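**Student:** here is a sequence together with a model predicted from it:
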Amino acid sequence: MKSVRAITLDLGWTLAYPHVSIWEAFAAVCTEAGVATRAEDCEQLIRSLSNATQEEAERQFHNGASYSDSDEEFAVMFTKMGQVIFGQRGVADGHAELMERFVHWFWDEQNWRVFPEVHDALAALRARGLKLGVLSNAPSTLPGFIERLGLMRYLDFTVVSAIEGVKKPDRRIFAAALSRAGVAPHETLHVGDMYFEDIVGGRAAGVNTLLIERGRQALFPSYRESEGRNLDPHLVVNDLTAVIDRL
């Protein structure tokens, strides 16, 4: 990766994480609705569904599927997730109200934390003369969120799916990031926590990729995202300090 001149980074579970996880939030609203639920129950359900559809998703992607996004589509994604969890856990009524409570709890900005090494690592990467940007599947409010997390001062650009109208793994959102950075694909490194969106999508766009696994603060804390992916271990990192080592 000696030719890398720019790095794009996912935001959620890469630079920052929720203090109350998505699964804890869903479990809490299910329990409040009268159905005792553990975070592990919700996580296992959605992970199993994701694994079951992974092969077909990759096939469709390589056959030319495109992936649009907007604030409305982003919200619908979580609504569908909630419908699956509520249905499987036997929560019969009040789904709309439960989702409102989930959103208020999980997406509250006070719920989010920056990983401990992120500030120092981003500063070190900038000191190397690298261009840095966030490339994230997220709502249009993300730039303001990044500012309030104190991370915008390290960044040269942001590329947000709901603003661009297209989301990872679509090659077009990676192309937008390359255009903002003013670099070629082989001069770019993308770091993210999801295999399909970040690694499969990044590779298809011709950029270098690293999968970041955050352990207990990962999206799926009970599972390693690299498991069964046949990834070179050198292309998997546990924090941003390791990204510097890879360069």
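**Tutor:** Happy to help now that I have it.
**Student:** list the contacts for the residue nearest to Thr37 when sequence neighbours are not counted?
**Tutor:** The shortest distance from Thr37 to any residue other than its chain neighbours is 3.8 Å, reached at Cys30 (C-beta to C-beta, 6 or more residues apart in numbering). For glycine as for every other residue, the C-beta is placed from the backbone atoms N, C-alpha and C. Contacts for Cys30 (C-beta atoms under 8 Å, 6 or more residues apart in numbering) come out as Ala36, Thr37, Cys42, Ile85, Phe86, Arg89, Val91, Leu98.
**Student:** secondary structure class of Cys30, three-state.
**Tutor:** Using DSSP: H, G, I helix; E, B strand; the rest coil, the structure places Cys30 in helix.
**Student:** and it, how far is that from Gln88?
**Tutor:** Computed as C-beta to C-beta, to the nearest Å, the Cys30 to Gln88 distance reads 10 Å.
**Student:** so what pLDDT did the residue nearest to Thr37 get?
**Tutor:** We have a pLDDT of 97 for Cys30.
**Student:** low-confidence ranges in this protein?
**Tutor:** Across the chain, nothing is flagged by pLDDT under 70.
**Student:** strands of that one, residue ranges please.
**Tutor:** Using DSSP state E, the strands of the chain run over 6-9, 16-18, 112-114, 131-136, 157-160, 188-192, 208-212, 236-237.
**Student:** need these in TSV (columns: distance to Met77 and mean neighbour count).
**Tutor:** Formatted as TSV, those follow (distance: least, C-beta to C-beta, whole Å; neighbours: other C-beta atoms under 10 Å):
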stretch	distance to Met77	mean neighbour count
strand 6-9	21	26
strand 16-18	16	19
strand 112-114	18	15
strand 131-136	14	24
strand 157-160	15	22
strand 188-192	17	25
strand 208-212	21	22
strand 236-237	26	18
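**Student:** looking at those strands, which is closest to Phe26?
**Tutor:** Closest to Phe26 of the strands of the chain, according to C-beta to C-beta: strand 16-18, at 11.9 Å.
**Student:** helices or strands up against that closest one?
**Tutor:** Other helices and strands packing on strand 16-18, by 3 or more C-beta pairs under 8 Å, 6 or more residues apart in numbering; DSSP states H and E, are strand 112-114.
**Student:** if I look at the closest residue to Asp170 other than its chain neighbours, how far off is Arg171?
**Tutor:** Counting by C-beta to C-beta, 6+ apart, Tyr67 is the residue found nearest to Asp170 once chain neighbours are left out, at 4.3 Å. For Tyr67, the distance to Arg171 equals 10 Å [C-beta to C-beta].
**Student:** got it, and Leu125?
**Tutor:** The value you get for Leu125 to Arg171, if C-beta to C-beta is used, is 25 Å.
**Student:** can you pull the contacts of the nearest residue to Leu15 once chain neighbours are set aside?
**Tutor:** Once flanking residues are discounted, Leu15 sits nearest to Val118: 5.3 Å by C-beta to C-beta, 6+ apart. The contact partners of Val118, taken as C-beta under 8 Å, 6+ apart, are Leu15, Ala16, Leu151, Leu240.
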